[in-house]
Structure formats: C-alpha cells, structure tokens
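Q: model this:
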Amino acid sequence: MQRKAYVSGVAALLAAVLTGCTGSPDDGGQSDNSNPGSAGTATQAAQPGRYATLPEPCGVVDDATLDQLLPGIGQMADLDKREKAYAGAATLTYDTDRKVGCRWKVESAEATDHLLVDFERVVSYDNAVSDDAQAGELFATKQSAARLPEPAVTSTESGTPSTDPSADPSSPGSASPDATSPSAPPTDLQPRLLEDLGDEAFLDDELDSSGSTAQQRTVTVAFRTSNVIVTIEYAEQPMTVGVVPDSKELQDRARKLAAELADSLGG
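A: Predicted structure coming up:
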C-alpha cells in the first residue's frame, strides 16, 4: 500500500507541472500558436529588385545614336581610331554585377563631345528594406546633390494671379530669366524633374564658363527603374571661344538616349 501511495503522489506532481507549462491563453499560459519561429509570426523578407544583372555598357548605344551624339565620329579618316571611338572605353569598376559604365570622346573641327553611360544595381542587405526602396533612397540622395531649382508656380497652379512684376516679361522693370546670363537655358530647359522616364528621373544642365577657354555644357539625365539607377552625362565644348553649346539640342539628345536605355531595360 505504501508503494501505491508513492506512485499516486508522483503522478499528481507530474500532472501539476504539465498543467503549468501548457496553460490556456486565458490564464496566462503560452499557447502553441505563439511559439517563436512559428509560421504565424515569421517576418516576411522584403522582395528583391527586378534586376539581378547589368547590361554590357559599351554595347547599349548603337552606332546610329553615337553618330547623333558625337558629331564627326563617322567622318574620322583613321579607320582604327574610328573603330575605337565607336567601341568606347569601359569605366573602372571592381564589381561588374553592381556597377558598370562606358565613356566615349570624339574631337571634330567644331567641338569636342563626351558621353558617359553608367549603370548601378542596388542591393539591400536589410531583410526589412527591399532593393527598390534602397535604390529609391540612393536616387533621392543623387537628386538632392544636383540641387535642382524649385519648380516655378504659375498663376493657374496657385489659383491666384501673380503679383510679382518679374513674372510678366512685359511688365516695366521685369527681367528676362536670361537677362543676367545670356548663355543660361530658357525656363523650360532649366534643371528639373522628368516624367515618363523610369520610376523617377531628373535632368541637370550646367555651363562651365571658368577660364579663358571655350565654354563646356554638361547635360546629365539620371533615372531609376526598380533597383537599377542609370546616369547619362553628355558634354560638349566648342573649339571656338565665345560659342556656347545649345542647351535644347544637348538635352534632346540626352533625353532620347535615356528613353532608349529605359526601353532596353523594360522600364
């Protein structure tokens, strides 16, 4: 009888311990559904970007487009130099899966033209941040560094007529946007955000007038498609001092190339 009483006591003690470990949610015990690592509480990793590779940068611009961007390239007498000019030169990079680029330079009797095409594939190493979001943050930093001017607010956008005399070119005492700088691009060609190009895009236009040499204009078009950022830098420096590269012409060429590259990426 003593042995039976001992077994019953052990059974009661074991039942009490098990009850405390598997109590119901109502009495503060841990339920099966709240176990760490269960499917109900697992954190889903952010989605990867659309692009896992980058294109070959010196092959993305065809010869016909280079003829437009680099006047004189097709008229180079030396066939070897002409072939090298069309081929371009790859930029230095240490990881072609993440960043690639190509440069072209052509000198003609009228001007020297430069073209740079750069691709950067952004990868997030934070499971809570997607590749697209990481690329968006990087693009925002790039856009901020360009220091684009604030877009002008028209009377239609503001809902009230403008009271600033300078806003009306016909008003007495008003000044043209180019009055203080004849070589500055018109208002509609100023650095600005671009629409219908990738997920987001901007254009910058700078004129280097330092020194006594001819002025060089550099047009930059940058856009983001998913987790890839594409940057185009297109510059022209006339051979004649005092000649200013045409802003509209350079912008149109750079934007056309950007549209072609965006189409090739499927963005």
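Q: Which stretches in the stretch 151-267 of the chain count as helices?
A: Ranges of helices within the stretch 151-267 of the chain are 155-158, 247-265, based on DSSP state H, counting those that start in this stretch.
Q: Which one, of these, ends up nearest to Leu54?
A: helix 247-265 (9.6 Å; CB to CB). In short, each C-beta sits where N, CA and C put it, glycine included.
Q: Mind exporting the C-alpha coordinates of that closest one to PDB?
A: Extracted in PDB, the C-alpha atoms of helix 247-265 (Å, rounded to 0.1, in the frame of the first residue of the first chain):
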ATOM      1  CA  SER A 247      21.100  73.700 -74.400                       C
ATOM      2  CA  LYS A 248      18.000  72.400 -76.100                       C
ATOM      3  CA  GLU A 249      20.000  70.400 -78.600                       C
ATOM      4  CA  LEU A 250      22.100  68.600 -76.000                       C
ATOM      5  CA  GLN A 251      19.100  68.000 -73.800                       C
ATOM      6  CA  ASP A 252      17.100  66.500 -76.600                       C
ATOM      7  CA  ARG A 253      19.900  64.100 -77.500                       C
ATOM      8  CA  ALA A 254      20.500  63.100 -73.900                       C
ATOM      9  CA  ARG A 255      16.800  62.500 -73.200                       C
ATOM     10  CA  LYS A 256      16.400  60.500 -76.400                       C
ATOM     11  CA  LEU A 257      19.200  58.200 -75.300                       C
ATOM     12  CA  ALA A 258      17.800  57.900 -71.800                       C
ATOM     13  CA  ALA A 259      14.400  56.800 -73.300                       C
ATOM     14  CA  GLU A 260      16.200  54.200 -75.400                       C
ATOM     15  CA  LEU A 261      18.000  52.800 -72.400                       C
ATOM     16  CA  ALA A 262      14.900  52.700 -70.300                       C
ATOM     17  CA  ASP A 263      13.100  50.800 -73.100                       C
ATOM     18  CA  SER A 264      16.000  48.300 -73.300                       C
ATOM     19  CA  LEU A 265      15.700  47.700 -69.500                       C
END
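Q: What are the buried residues along that helix?
A: Ser247, Leu250, Gln251, Arg253, Ala254, Arg255, Leu257, Ala258, Ala259, Leu261, Ala262, Leu265 (16 or more other CB atoms under 10 Å).
Q: For the residues you listed, could you give me JSON lines that also reports pLDDT?
A: As requested, the buried residues of helix 247-265 are exported to JSON lines (pLDDT from 0 to 100):
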{"residue": "Ser247", "pLDDT": "94"}
{"residue": "Leu250", "pLDDT": "97"}
{"residue": "Gln251", "pLDDT": "97"}
{"residue": "Arg253", "pLDDT": "97"}
{"residue": "Ala254", "pLDDT": "97"}
{"residue": "Arg255", "pLDDT": "97"}
{"residue": "Leu257", "pLDDT": "97"}
{"residue": "Ala258", "pLDDT": "97"}
{"residue": "Ala259", "pLDDT": "96"}
{"residue": "Leu261", "pLDDT": "96"}
{"residue": "Ala262", "pLDDT": "95"}
{"residue": "Leu265", "pLDDT": "90"}
